[in-house]
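no sequence on this one, just coordinates:
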Ligand SMILES: *Cc1c(COP(=O)(O)O)cnc(C)c1O
């Protein structure tokens, strides 16, 4: 076999970011690079990355994990949910995380599968619904999945992978799915209705009770995508917010997606899907080819046990009181941000329901570009044409004040 001379350019082309082309060989090095040099190169590779704690990140619903979760994650990097014989702790941990999340969602007894995040959790929920639908209506029956246009774009990926037709319905003025348009589309042959509990664009929470009451009366299952809102809505309700119930306490909710790596304090990748019917995951079963290996119910084969154990630790360490306090802290940041923006002459609209604060502005893209030149990351919900700011626990009051001051400055030339 021919070996490439070490000066050959990589067939994949571009040099690592920050490196001038041709400065060093790309592609797999012929000879291992000394570790110190590797680490120095890595520091260069990551030089432009932000740290959640440095006060520059205002677009992310993910954040730093809790310290205990970081510690557990680091200690269990070799842990693999795909091998229950080497790691018998993991099926137990998965059952315990399921039980804690089911408790959070008012569904003691619910079944669950740990996933890599909300995308995989939504995929499994749709797949289970599709198989259930086919068992009822036949393999060739069309499978429609109804949702609001604010539902996450993971459902577009899912529609490309599974034999379902995703039908999106417009939102109301608060950016929740317009139930006046959604409900009349539901028929007994609908495969699934998806309600979003905290859209990642705007934080809007769909009217889960109204959707579930209508769909379940027609025998149609309802999936609640609570990837963003799962750790927020229950505690916001306890704090007195006027938000709908989103969990299994609502009759007709059949499955729920949660993302512990968003507001749960877990490291990436940590998602979860819950099913009210403890037998529902049977529809997801694939048997392993190996003696003693449990059936699989997730999409991934080799699965990060470290993230599951870190999620377990985060849930135990936080408890209800920890999450409640964390939501109270987020709500203080949100109130401050809304007040500062309003005082600076920005129009916050619609009223934020969770941690996403949206601002109406004639050219939000320009604002975000100008902020980025100053090293600050905000975002634009492009579909909505709104400036989108996300509050998270990595932000201090001083940092939020700095953000609004920068926004006011870059917006100086506003018409
Ligand atoms: C984040 C999110 C997802 C996707 O989750 P990933 O963890 O990014 O795969 C799905 N739905 C909603 C509402 C989300 O906020």
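The structure has been received and is ready for your questions. The model shown is predicted, which means the values in this text are computed figures rather than measured ones. Residues are numbered from 1 along each chain as shown.

Just the pLDDT at the nearest residue to residue 292 once chain neighbours are set aside, thanks.
Excluding the flanking residues, the one nearest residue 292 by C-beta to C-beta, 6 or more residues apart in numbering is residue 85, at 5.2 Å. All C-beta atoms are positioned from the backbone trio N, CA, C, and that covers glycine. The model reports residue 85 with a pLDDT of 96.

Ok, residue 27 next?
pLDDT for residue 27: 89.

what do you get for the one 4 residues further on?
pLDDT recorded at residue 31 is 95.

now do residue 328
Looking at residue 328, its pLDDT is 98.

cool, and residue 19?
Looking at residue 19, its pLDDT reads 54.

re earlier: tell me how many other residues crowd the residue nearest to residue 292.
Using other C-beta atoms under 10 Å, residue 85 is surrounded by 10 other residues.

In this structure, what residue spans correspond to helices?
Along the chain, the segments classed as helices by DSSP state H run 35-45, 67-75, 89-104, 118-137, 154-161, 179-182, 208-217, 233-238, 260-263, 305-343, 364-373, 397-410.

Which secondary structure elements does the second one sit against?
Going back to what we said before, that points to helix 67-75. helix 305-343 (3 or more C-beta pairs under 8 Å, 6 or more residues apart in numbering; DSSP states H and E).

What are the buried residues along the helix it packs on?
Neighbour-count burial for helix 305-343 flags 305-315, 318, 322-324, 326-327, 330-331, 333-334, 336-338, 340-341 (criterion: 16 or more other C-beta atoms under 10 Å).

burial measure for the closest residue to residue 161 other than its chain neighbours, as a count.
For residue 161, ignoring the flanking residues on the chain, the nearest one in space by C-beta to C-beta, 6+ apart is residue 123 at 7.1 Å. For residue 123, the count of nearby residues is 22 (other C-beta under 10 Å).

Does residue 255 touch residue 128 like I think?
Yes - between residue 255 and residue 128 there is a contact under C-beta atoms under 8 Å: 6.9 Å.

Between these two, which has more neighbouring residues?
Neighbour totals were compared for residue 255 and residue 128, and residue 255 leads with 29 against 25 (other C-beta under 10 Å).

Would you agree residue 211 is in contact with residue 221?
No - Residue 211 lies out of contact with residue 221 (C-beta under 8 Å); the separation is 11.3 Å.

picking that back up, mutual contacts of residue 255 and residue 128, please.
Common neighbours of residue 255 and residue 128, counting by C-beta atoms under 8 Å, 6 or more residues apart in numbering, are 275, 280.

low pLDDT regions in the stretch 1-150 of the chain?
For the stretch 1-150 of the chain, the stretches with pLDDT under 70 are 1-25.

Up against the ligand, what does it have?
With C-beta under 6 Å from any ligand atom as the criterion, the stretch 1-150 of the chain comes near the ligand at residues 117-119, 122.

Show me the two of those that sit farthest apart.
The largest separation in those, counting by C-beta to C-beta, is between 117 and 122 at 9.2 Å.

which residues are in contact with both of those two?
Shared contacts of residue 117 and residue 122, defined by C-beta under 8 Å, 6+ apart, are found at residue 227.

ok, those two, which is more surrounded?
Neighbours were counted for residue 117 and for residue 122 using other C-beta under 10 Å; residue 122 has more, 25 against 21.

was I right about the more buried one contacting residue 224?
No - counting by C-beta under 8 Å, residue 122 stays clear of residue 224, with 10.5 Å between them.

Find the residues that touch each one of the two.
The contact sets of residue 122 and residue 224 overlap at 194, 257 (C-beta under 8 Å, 6+ apart).

returning to what we had before: and the buried residues of helix 305-343 near the ligand, which?
Among these, none lies close to the ligand by the criterion of C-beta under 6 Å from any ligand atom.

from memory residue 367 sits against residue 360, does it?
No - at 11.5 Å, residue 367 does not count as touching residue 360 under the criterion of C-beta under 8 Å.

When the two are compared, which one has more neighbours?
Just comparing residue 367 and residue 360: by other C-beta under 10 Å the higher neighbour count belongs to residue 367, 21 against 14.

Who are the contact partners of the more buried one?
361, 378, 387, 407, 410-411.

out of those residues, which is most surrounded?
When neighbours are counted by other C-beta under 10 Å, residue 387 leads these with 26 neighbours.

What residues does that residue make contact with?
By C-beta under 8 Å, 6+ apart, residue 387 lies in contact with 358-361, 364, 367-368, 378-380.

Next step: these restricted to strands.
Those of these mapping onto strands are 358-360, 379-380, per DSSP state E.

so which of these comes closest to the ligand?
residue 379 (13.1 Å; C-beta to the nearest ligand atom).

Would you confirm that that closest one contacts residue 372?
No - under the criterion of C-beta under 8 Å, residue 379 is not in contact with residue 372, lying 10.0 Å apart.

picking up where we left off before, highest average neighbour count across the helices of the chain?
helix 260-263 (a mean of 28; mean count of other C-beta atoms under 10 Å).

and it, what does it pack onto?
strand 271-275, helix 305-343.

Not counting sequence-adjacent ones, nearest residue to residue 93?
residue 312 (5.0 Å).

Correct me if wrong: the one you found contacts residue 95.
No - the criterion here is C-beta under 8 Å, and residue 312 misses it with residue 95 at 10.2 Å.

Now find how far off-centre stretch 124-133 is within its chain.
Offset of stretch 124-133 from its chain centre (C-alpha atoms, centre = their mean, to the nearest Å): 20 Å.

Residues contacting it, please?
Outside stretch 124-133, the residues that touch it by C-beta under 8 Å, 6+ apart are 113, 115, 141, 143, 145, 155, 158, 162-164, 191-192, 221, 223, 254-255, 257, 273, 275, 280-281, 283-284, 297-299.

one more time with 7 Å
For stretch 124-133, the external contacting residues (C-beta atoms under 7 Å, 6 or more residues apart in numbering) are 113, 115, 141, 143, 145, 158, 162-164, 191-192, 221, 223, 255, 257, 273, 275, 280, 283-284, 298-299.
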